[in-house]
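*Asks:* Take a look and give me a structure for this.
(2 chains)
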Amino acid sequence: MDRAAIIGIGMTKVESRKLDKTFADMAFEAVRKALDDAGMTIADIDNVITTSNDFWDGRTISCMAVGDASGASDKNISCVEGDGTFGAFYGLARTLSGSYGTTLVTGHSKGSQSVSSLITNAAFDPIYNRTLGADMITACAMQSNAYMARTGTTPEQLARVSVKNHGNAMMNENAHLGMKLTVKDVLGSEMIADPLHRLDCSPVSDGCCAIIIADEKRAKKSKKKPVWIKGVGMCADAYFLGDRDLSRSESLVKAARTAYKMAGISDPGKEIDLAEVYDAFSYQELMWLEGLGICADADAGKQLEKGSFDIPGRLPVNASGGLMGGHAVIAAGLYRIAEVVRQIRGEAGAYQAKKADTGLAHGVNGLAGQSHCVWILGKDR
Amino acid sequence: MAEKEYIVIESGEAAQPFDYAVGMHGSKFFTELRDNKKLMGVRCPKCKMVYIPPRGVCGPCFEEMKDFVEVGPGGVIGTYTILRFAFIDPETGQQKPVPYGYGFIKLDGADTLFQHYIDIVDEKKIKVGARVEAVFADERKGTIRDILYFRVID
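*Replies:* Residues are numbered from 1 along each chain as shown, chains lettered A, B, ... in the order given. A predicted model of the protein is given here:
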């Protein structure tokens, strides 16, 4: 594969409700930060990909409404509906096509402006499922029960994910839900849908993230040392939840294998220094770590209890606080990429991992992790 | 210092109504459910997997499916949850009374799981693997709610 790198990142602070900002305002802020970070002006951007979801934005062709604020005037702009990592995947493909030296990718969402359970309910099949009223939390609660029943993962282990990530978020100036918690706090919080307590669930937040992808020639001119894209993989599972074994994530296994093969990784648990994974719910961090092959099946909870995934641990997971610290749906996976870039550059401040030469970023879209996108980023070309 | 005033524009009662065609497979499913209290799945001619709800294509085989087979009405709980937080019911726009059970049922004769409510009159009995059966509405209209819920029969 030709080489490509990430040369700029820009993140708005993730907040529960940005009453002072429109979608375009958020995009403008993130894009300007990414340009400053890369030492570029908008004239240096060859094309633009925006990522959004029409239901969450409450308008059709939502991605086009942020074009001007994303600097796409007079440029080729296209849109991806899904997680920000999916938009970045398309942006990478465009860069590697040779047609564009640089690609700006954005992802935005404002969960505060709508009723999130109605939006995620609308993801269900309208003929057979939707009128029964299930939403993302219902689906994920059922997945959590299926996963826990098969692997023996305990509610205490789930709670520890929440404790770790909310704690990490206290050190991240872009997170909005940093909290010092105990396992008892999590298990004592209101039961939303068995087995998920309120503090097992990430919030629904507002935010926009932007990254700039460059080909090798343009990457060499960047202000900061480029963070190289070593491997990517993407795979989708069946749409009907009843078709899937909800206790496993076969699509994540396949996406990860593809990314590892491209990056030349044979033992992910040893070769990856840190990971930012899509912890929309506490159990998901554990389930995804197993799907990613970072630990053995049914072992993530035990590894977590040993401190393996803490910032000083063997392989820090969601050192930024992850989605527990702030979950701008759609943008969330792009934030994971930007956070891994920060780590590899050594710019993560109080939550910097000791060793950060190779990092993994992970994004999800669809009910209960239907589709996954895995990114391996590295310090060395 | 003067307090900041934030201005928002509300969408009001705006709605986007749709009429979703159910297709040939949905027509078979809903008419059998309404008229005969039967649950119909469909079998892939290649891998022999029986899918519920029925649909036209087996994803893994990419084969057309037309071979309808009756499944259930008995089965076992594949996984479940008990909702304890009131969500807005998309049918009524009102908060749904809690708690209520929700699950995926492995119906006898089917290879995929069927999503529906589970009666939680005895919460202790709600577990993965518990035997259940469908309870049908007396007046059926040809919708998924012609099944009221699944109840534990162990």
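*Asks:* So for stretch A:5-13, mean pLDDT?
*Replies:* Averaged across stretch A:5-13, pLDDT comes to 98.
*Asks:* How far does it sit from its chain's centre?
*Replies:* Distance, stretch centre to chain centre, for stretch A:5-13: 13 Å (C-alpha atoms, centre = their mean, to the nearest Å).
*Asks:* Mind listing what's buried along the longest strand seen in chain B?
*Replies:* When chain B is parsed with DSSP state E, its longest strand is strand B:74-83. Residues of strand B:74-83 classed as buried by neighbour count (16 or more other C-beta atoms under 10 Å in any protein chain shown): B:75-83. Where you see a C-beta, it was placed from the backbone N, CA and C, and this is true even at glycine.
*Asks:* And stretch A:341-348, by the same measure?
*Replies:* Buried residues in stretch A:341-348 (16+ other C-beta under 10 Å): A:341-345, A:348.
*Asks:* wait, residue A:235 sits on residue A:291?
*Replies:* No: Residue A:235 lies out of contact with residue A:291 (C-beta atoms under 8 Å); the separation is 10.5 Å.
*Asks:* joint contacts of the two?
*Replies:* A:252, A:372 (C-beta atoms under 8 Å, 6 or more residues apart in numbering or on different chains).
*Asks:* The two: which is more packed in?
*Replies:* residue A:291 (25 against 19; other C-beta atoms under 10 Å in any protein chain shown).
*Asks:* Phi and psi next, for that one.
*Replies:* phi -60, psi -30 (degrees, to the nearest 10).
*Asks:* What sits closest to it if chain neighbours are left out?
*Replies:* residue A:252 (3.5 Å; C-beta to C-beta, 6 or more residues apart in numbering or on different chains).
*Asks:* and the one you found, how many neighbours does it have?
*Replies:* There are 28 residues near residue A:252, going by other C-beta under 10 Å.
*Asks:* Repeat that for residue A:240.
*Replies:* 22.
*Asks:* how about it, what does it touch?
*Replies:* Residue A:240 makes contacts with A:125, B:53, B:55, B:112, as judged by C-beta under 8 Å, 6+ apart.
*Asks:* Packing partners of the longest strand of chain B?
*Replies:* helix A:136-151, strand A:191-193, strand B:100-107, strand B:114-118, strand B:131-136, strand B:147-152 (3 or more C-beta pairs under 8 Å, 6 or more residues apart in numbering or on different chains; DSSP states H and E).
*Asks:* Adding mean neighbour count, write those out as TSV.
*Replies:* Output for those, formatted as TSV (neighbours: other C-beta atoms under 10 Å in any protein chain shown):
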stretch	mean neighbour count
helix A:136-151	24
strand A:191-193	23
strand B:100-107	24
strand B:114-118	23
strand B:131-136	18
strand B:147-152	20
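*Asks:* Would you check that residue A:337 makes contact with residue A:373?
*Replies:* No: taking contacts as C-beta under 8 Å, residue A:337 lies outside contact range of residue A:373: 9.6 Å.
*Asks:* so what sits against both of those two?
*Replies:* Common neighbours of residue A:337 and residue A:373 are listed as A:85, A:88, A:363 (criterion: C-beta under 8 Å, 6+ apart).
*Asks:* For residue A:291, which residues are in contact?
*Replies:* Residues in contact with residue A:291, defined by C-beta under 8 Å, 6+ apart, are A:248-249, A:252-253, A:256, A:372.
*Asks:* when you scan stretch B:41-54, is anything in it near chain A?
*Replies:* Yes: using C-beta under 8 Å from any C-beta of the partner chain, we find that stretch B:41-54 touches chain A at B:51-53.
*Asks:* What residues does chain B have near chain A?
*Replies:* With the criterion set to C-beta under 8 Å from any C-beta, chain B comes near chain A through B:4, B:6, B:8, B:11, B:18, B:20, B:22, B:26, B:51-53, B:55, B:59, B:78-85, B:87-91, B:96, B:102-104, B:112-117, B:128, B:143-145.
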